[in-house]
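Visitor: Mind looking at a prediction? Sequence and model below.
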Amino acid sequence: MFMPFRISQHAPYNNTAREPVEFAAYSEDPAAAVTECHVSRPPDPQAIAAKEQRGTHMRPSIEKTFATWDRTELFYRAWPTETPSDRAIILFHRGHEHSGRWKDVIDKLELPGYSVFAWDARGHGRSPGERGYAESFGSLVKDVDSFVRHVATEHGFAYENLVVMAHSVGSVLVSTWVHDYAPPIRALVLGSPALRVRLYVPFAVPGLRLLRKIKGKTFIKSYVKGKLLTRDPAKARSYNEDPLITPNIAVNILLGLRDAATRLIQDSAAITVPVLVLTSGGDWVVEQPPQRRFFEGLSSPRKEMHVFPGFLHDTFNEIDSHLPIGKARDFIEDVFTNPPEAPDHINADRTGHTKKEFDRLCRPAPAMAASGFALMRFFLSTIGRLSEGIRVGWRSGFDSGAMLDYVYRNEAKGLTPLGRLIDRQYLDSPGWRGIRQRKLHLEAMLEQAIDRIRSNGERVHIVDIATGQGRYVLDALARKGGQTITALLRDFSDNNLRAAAALAAEMGLGGVAFEQADAFDRESLAGLTPKPNIGIVSGLYELFPDNEPVRASLAGLAEAMVPGGFLVYTGQPWHPQIEFIARVLTSHRRGEPWIMRRRTQAEMDALAAEAGFERIAMAVDEDGIFTVSLARKV
């Protein structure tokens, strides 16, 4: 499918005509060669009249705080409209800065019909926390999710009427949020996204990783001064003299930024909302080629990228900043006037980037790559068998319930010290780290659902339609306990059910029944009695590429559940080792290759929504591999 998009370059105003010269490139095929045409534009009388009609209005702000996901009260500013409006813009500043530095941009946007909100990130400006530090980059992404949810719920805006606009590090933060959480916002406006920060020191990234491993929490001081951000002397001076600027940044955040950016560059196709990228051609702080690769990969039905030669990093506070700000204004107004058609996530198993990836993995690897994967397979099937975990994988399937239970226990075992060392490395691989985090998220979502039902004075009845060996459910039940909880744990494997029953007995849990059943049998699910008010489907749909059986499964579960009941479901929108898994490891299905089709969070949410579930909460691991969502039956 051809995707219309636009990349253009804008020269600064020349000194005589005071009108921009635009170098525009157009293509309907992202892979096509880009050609440039030079366009000199005379003054536009209609644009001048529109500007005079809008006027330049200095908008007053209101100072507030909101409680983020860990109950920390973060500071933000709000610029409400003079008359009621259902549209809003949410701003996210670059690293080191704060919400107050958006004021001139807000005035120059000249969008009086839009309420505007801007935060001070954790550890920045007037928000609490150690300066330049957060627990992780992922915790900042969770802060983004909390802030947008606060604006939507407390100030009365639908997500579909929100535009998110950010700069530099803020652009990477919000792009990661959109990639991982799939919020149905109206549009995304990104200024000079810091997808690759120029560090200038040889081997800086491995050196920082080593420094973090040795010293733990540590900071580096930014080399960036105002003169590297903007050629506007007043703006540069205001940056240098601003007492709320935070010069330090924690090493874990800098590395987390880079890792999240790598994922975004490789998987920007998961982003389907309209996106505008505004970038500086003379930027000494971040690199431009990664921005172009990110842009070219976007699946957005409406996307534009504009490059401004000579602009330094602070795109929105440069000389002639009215050029990018004007592009932002036009884009924002146009996505409301001419909204693009919503993507078809339900049929993503038939077309789209994850389908193409899956088809590629089903084909033989190129010769050179195939020899490398064969070597890996040989190592794992010989020396690797010294590891207990790898032996379990070869015996039962690396995607089996037995394998998951071994990963959950996280105790390195093996034949000889070498075997235990290999097992430790195996258990610490990104996928298995993510699986253990997924278990924690599953238990947290399940306990949240239990608390919500109990708060209404109702008895809790849970059904898990593919429980494996049931450890995550049983661990949660052991903590919540009580006579008001019963559970039915189903699975296709009788071996898994016997192991789950033994674990329940060992934990002294009553009220738990076990049943062998097919999780894709709609009629069997629809006939469940008593009707559950909590349903769980974890780690199942990720193993099957087609959406039709998933739709049947969700439909049957929806028919069985009581109105207002809760569904906990998982997803795998990303995996850094997906090709290694497909080429080397085997599944529980008669030793066949373990080939997965990733589903974006947007696809999973669309499948759940079709069945009648509305997502109300979500969690994702630091690497963005596994998501856990809580939805309510509507």
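Guide: Yes, it's here. Numbering: from 1, shown residues only.

Visitor: show me the contacts for A499.
Guide: Going by Cβ atoms under 8 Å, 6 or more residues apart in numbering, A499 touches 401-402, 405, 469-470. The C-beta positions use only the backbone N, C-alpha and C, and glycine is treated the same way.

Visitor: Filter those down to the ones in helices?
Guide: 401-402, 405 (DSSP state H).

Visitor: sorry, back to before: looking at the contacts of A499, spot the one nearest L446.
Guide: For the contacts of A499, the closest approach to L446 (Cβ to Cβ) belongs to G470, at 12.0 Å.

Visitor: How about the contacts made by the closest one?
Guide: Taking Cβ under 8 Å, 6+ apart, we find G470 in contact with 464, 489, 496, 499-500, 503-504.

Visitor: Those into a markdown table, with extra columns for distance to T246 and pLDDT?
Guide: Shown next, in a markdown table, are these (distance: Cβ to Cβ, whole Å; pLDDT from 0 to 100):
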| residue | distance to T246 | pLDDT |
| --- | --- | --- |
| D464 | 46 | 96 |
| L489 | 49 | 96 |
| N496 | 51 | 90 |
| A499 | 51 | 92 |
| A500 | 50 | 92 |
| L503 | 48 | 92 |
| A504 | 51 | 92 |
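
Visitor: Turn those residues into a markdown table, including secondary structure and distance to Q516.
Guide: Converted to a markdown table, these look like this (DSSP: H, G, I helix; E, B strand; the rest coil; distance: Cβ to Cβ, whole Å):
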| residue | secondary structure | distance to Q516 |
| --- | --- | --- |
| D464 | strand | 13 |
| L489 | strand | 10 |
| N496 | helix | 9 |
| A499 | helix | 13 |
| A500 | helix | 11 |
| L503 | helix | 17 |
| A504 | helix | 16 |
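
Visitor: of the residues you listed, closest to L415?
Guide: Using Cβ to Cβ, these come closest to L415 at A499, 23.2 Å.

Visitor: At the geometric centre of the chain, which residue sits there?
Guide: D180 (1.8 Å; Cα atoms, centre = their mean).

Visitor: Contacts only, for that residue.
Guide: Counted by Cβ under 8 Å, 6+ apart, D180 has contacts 141, 573, 601, 620, 624, 627.

Visitor: So what sits opposite the last one in the bridge?
Guide: Beta bridges link T627 to G571, V620, judged by DSSP bridges.

Visitor: tell me the contacts of it?
Guide: By Cβ under 8 Å, 6+ apart, the neighbours of T627 are 180, 570-573, 601, 604, 618-620.

Visitor: what's the following helix or strand after the helix or strand encompassing R377?
Guide: Element membership for R377 (DSSP states H and E) is helix 367-381. The helix or strand immediately downstream of helix 367-381 is helix 388-396, counting by DSSP H and E.

Visitor: buried stuff in that following helix?
Guide: Residues of helix 388-396 classed as buried: 388-394, 396 (neighbour count, 16 or more other Cβ atoms under 10 Å).

Visitor: So for it, mean pLDDT?
Guide: Averaged over helix 388-396, pLDDT sits at 95.

Visitor: Who are the packing partners of that helix?
Guide: Counting contacts by 3 or more Cβ pairs under 8 Å, 6 or more residues apart in numbering; DSSP states H and E, helix 388-396 packs against helix 367-381, helix 401-409, helix 416-427.

Visitor: follow-up on the earlier one: which other helices and strands contact the helix holding R377?
Guide: helix 388-396, helix 578-584.

Visitor: Any idea which of these gets closest to A194?
Guide: A194 lies closest to helix 578-584 among the helices and strands packed on helix 367-381, at 26.1 Å (Cβ to Cβ).

Visitor: which other residues reach that closest one?
Guide: Contacts of helix 578-584 (Cβ under 8 Å, 6+ apart): 357, 361, 365, 369-370, 373, 376-377, 380, 398, 431, 575, 593-596, 598.

Visitor: tell me how far that helix is from the chain's mean position?
Guide: Counting by Cα atoms, centre = their mean, to the nearest Å, helix 578-584 is centred 23 Å from the centre of its parent chain.

Visitor: how about the CA coordinates for that helix, as CSV?
Guide: Written as CSV, here are the backbone C-alpha positions of helix 578-584 (Å, rounded to 0.1, in the frame of the first residue of the first chain):
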residue,chain,number,x,y,z
ILE,A,578,12.2,-12.4,17.5
GLU,A,579,14.3,-13.7,14.5
PHE,A,580,16.7,-15.6,16.8
ILE,A,581,13.7,-17.3,18.4
ALA,A,582,12.2,-18.2,15.0
ARG,A,583,15.4,-19.5,13.5
VAL,A,584,16.8,-21.4,16.6
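
Visitor: before we move on, the earlier item: so, if you compare the contacts of D180, which one comes nearest to L278?
Guide: Out of the contacts of D180, the member with the shortest distance to L278 (by Cβ to Cβ) is V141, at 21.8 Å.

Visitor: Look at the closest one and say how many residues are nearby.
Guide: 25 (other Cβ atoms under 10 Å).

Visitor: do the one 4 residues further on as well
Guide: Using other Cβ under 10 Å, D145 has 19 neighbouring residues.
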